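J.: When you get a sec, could you give me coordinates for this:
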Amino acid sequence: MSDESWNHLEGRPVPGGGPPTEEPTHGPRPPLSGRGPRRGPALPRLPSTETCFTREQRLLILDTWRRSGLPAGDFAPLVGVPRHTLYAWQEAFSREGPGGLVDRPKGAPPGSRLPDLTRRTILMLK
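T.: Residues are numbered from 1 along each chain as shown. The predicted model follows:
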């Protein structure tokens with residue numbers, strides 16, 4: 001073999017020189033299954049930006065945004081809040097005034113939604 005190398009895919013010499021190369025041997029392939037890749041534990045969730053600011057801070061941010069004349073997409077990263085949060089604060093302020101910027105509990109109110117008579121009947125049957 002003078003200046004020919006082996007084409008390892010077709011098993012014949014290819015002009016251009018160099019010794020033949022051997023294909024790397026890999027172990028047996030795992031069986032294919034319908035499941036996707038395994039994922040590790042979920043990452044911890046960051047606190048919501050809406051709870052990181054007091055009512056006064058939100059009011060100050062809204063006032064500064066209005067005075068700056070910047071679009072929400074440019075102003076939001078400067079103060080560290082998402083653009084949609086600025087719009088939500090602006091809507092709450094226009095609807096309810098400064099009281100709209102107060103934190104409110106999310107979700108359904110605590111307690112049972114069953115009528116009292118039904119709840120007592122269930123307890124008696126137990």
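
J.: Glu96: which element?
T.: In this assignment (DSSP states H and E), Glu96 forms part of helix 83-96.

J.: and that helix, what's its mean pLDDT?
T.: Taken as a whole, helix 83-96 carries a mean pLDDT of 94.

J.: next one: stretch 52-64
T.: Computed over stretch 52-64, the average pLDDT equals 92.

J.: How about residues contacting that stretch?
T.: Val79, Val81, Leu86, Trp89, Gln90, Phe93, Pro98, Leu101, Val102, Asp103 (CB atoms under 8 Å, 6 or more residues apart in numbering). Glycine gets a C-beta too; all of them are placed from N, C-alpha and C.

J.: Could you quantify the relative orientation of the strand or helix carrying Glu56 and helix 83-96 as an angle?
T.: Taking DSSP H and E as the definition, Glu56 sits inside helix 55-68. Per axes from the mean of the first three to the mean of the last three CA atoms, to 10 degrees, the angle that helix 55-68 makes with helix 83-96 is 100 degrees.

J.: what comes up buried for the next helix-or-strand element following helix 55-68?
T.: Following helix 55-68 in sequence order, the next helix or strand is helix 72-79 (DSSP H and E). By 16 or more other CB atoms under 10 Å, the buried positions in helix 72-79 come out as Phe75, Ala76.

J.: Give me the contacts around helix 72-79.
T.: Residues contacting helix 72-79 (CB under 8 Å, 6+ apart): Ile61, Thr64, Trp65, Ser68, Leu70, Pro82, Arg83, Thr85, Leu86, Tyr87.

J.: coming back round to it: buried set for the helix holding Glu56?
T.: Buried-residue list, helix 55-68, by 16+ other CB under 10 Å: Arg58, Leu59, Ile61, Leu62, Trp65.

J.: send the alpha carbons of it over as PDB?
T.: In PDB, the C-alpha atoms belonging to helix 55-68 read as follows (Å, rounded to 0.1, in the frame of the first residue of the first chain):
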ATOM      1  CA  ARG A  55     -47.000  48.700  47.100                       C
ATOM      2  CA  GLU A  56     -45.000  51.900  47.400                       C
ATOM      3  CA  GLN A  57     -42.200  50.400  45.300                       C
ATOM      4  CA  ARG A  58     -44.600  49.300  42.600                       C
ATOM      5  CA  LEU A  59     -46.100  52.800  42.500                       C
ATOM      6  CA  LEU A  60     -42.700  54.300  42.200                       C
ATOM      7  CA  ILE A  61     -41.800  51.900  39.400                       C
ATOM      8  CA  LEU A  62     -45.000  52.800  37.500                       C
ATOM      9  CA  ASP A  63     -44.400  56.500  38.000                       C
ATOM     10  CA  THR A  64     -40.800  56.200  36.800                       C
ATOM     11  CA  TRP A  65     -41.900  54.200  33.800                       C
ATOM     12  CA  ARG A  66     -44.500  56.800  32.800                       C
ATOM     13  CA  ARG A  67     -42.000  59.700  33.200                       C
ATOM     14  CA  SER A  68     -39.300  57.900  31.200                       C
END
